Every structure is written in structure tokens, then in C-alpha cells.
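Student: Test case, fold it:
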Amino acid sequence: MKKIISVIFIFIVLAGCSSAQKASEVNAVRVSVAPYLQMDCKALATEQNSLLTEARSLGAQVDSEYNEDKGAELVAWILFAPAAFFIDGNAESAGQLASIKGQLEAVQEAQKINECVM
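Tutor: Sure thing, here's the model as predicted:
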């Protein structure tokens with residue numbers, strides 16, 4: 001029974017130390033729709049496609065960094081526990097993804113305002 005409790009405790013500690021996020025956990029940052037209101041529907045569609053491509057790429061990068069971070073954290077806990085507290089996470093790429101998600105929302109809002117048929 002003590003072994004089971006110890007394993008559960010270790011798992012909880014390991015799961016909660018890293019600040020890394022999965023792409024699906026990254027929330028959009030609010031971006032003003034104003035610059036997009038000046039675009040016509042064709043330009044908005046082009047911008048949306050470009051942002052979607054960039055979001056997919058950054059999402060894959062964020063997920064990859066998340067997996068690497070969790071793996072490094074596990075190794076750090078096994079070999080030298082204090083080192084686990086110095087793992088950086090993926091805040092930079094997650095921030096970029098949040099910005100892209102916000103831009104996508106702004107483009108979609110502009111498409112609705114400009115009554116673009118999607």
C-alpha cells in the first residue's frame with residue numbers, strides 16, 4: 001500500500017512541475033480587429049490561410065517542446081531532483097501561438113463584419 005501511495009505522489013509531483021503547455025492548452029491573445037476591417041474578403045481569406053498554416057506549424061512546435069520538456073523533467077527527477085526546477089518550458093513558442101490564435105479570431109471577426117461568404 002505504501003508503494004502505491006509513493007508512486008502516486010511521485011507521479012503528481014512530476015506532472016505538476018513543468019510550465020510547458022500543449023498547443024491545445026494555449027489560449028488566444030486578444031488582437032484588435034481594426035487593421036483587418038480595411039481588407040477585402042479575398043485579402044482576409046488569404047490572411048486566414050496564412051495564419052492557419054503558421055498556427056499548425058507553431059502548434060506542432062509547442063507540442064514537440066512540451067514532450068521534450070516533460071521527458072527532460074522526468075530524467076531530472078530520476079537523476080538529480082533539484083535540476084527539475086530549472087526546466088524552462090515552452091513559454092516563448094506558446095506565446096507566439098497565442099498571438100497567432102488571436103490574429104485568427106480577429107480575421108474571422110472582420111470577415112463577419114464585412115459579411116464575407118466563407
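
Student: so what's Ile87 scoring on pLDDT?
Tutor: Listed pLDDT for Ile87 reads 58.

Student: Also Lys112?
Tutor: At Lys112, pLDDT is 93.

Student: neighbours around it, how many?
Tutor: By other C-beta atoms under 10 Å, the residues close to Lys112 number 11. All C-beta atoms are positioned from the backbone trio N, CA, C, and that covers glycine.

Student: Check the spacing between it and Ala45 real quick.
Tutor: 13 Å (C-beta to C-beta, to the nearest Å).

Student: can you tell me which helix in this protein is longest?
Tutor: helix 41-79 (DSSP state H).

Student: And the helix or strand just after it, what does it pack against?
Tutor: Using DSSP states H and E, the helix or strand that follows helix 41-79 in sequence is helix 91-113. Packing partners of helix 91-113 (3 or more C-beta pairs under 8 Å, 6 or more residues apart in numbering; DSSP states H and E): helix 34-37, helix 41-79.

Student: okay, the angle between helix 91-113 and helix 41-79?
Tutor: Angle, helix 91-113 to helix 41-79, by axes from the mean of the first three to the mean of the last three C-alpha atoms, to 10 degrees: 160 degrees.

Student: who's in contact with helix 91-113?
Tutor: Helix 91-113 is contacted by residues 19-21, 23, 26-33, 35-37, 39, 41, 44-45, 47-48, 51-52, 54-55, 58-59, 61-62, 65, 118 when judged by C-beta atoms under 8 Å, 6 or more residues apart in numbering.

Student: Which members of the residues you listed are classed as buried?
Tutor: 20-21, 23, 26, 28, 31, 33, 36, 39, 44-45, 47-48, 51, 54-55, 58-59, 61-62, 65 (16 or more other C-beta atoms under 10 Å).

Student: on that earlier part again, now do the longest helix of the chain, average pLDDT.
Tutor: Mean predicted lDDT for helix 41-79 stands at 84.

Student: Who are the packing partners of that helix?
Tutor: Counting by 3+ C-beta pairs under 8 Å, 6+ apart, helix 41-79 packs on helix 2-16, helix 91-113.

Student: ok, of those, where does mean pLDDT dip lowest?
Tutor: helix 2-16 (a mean of 56).
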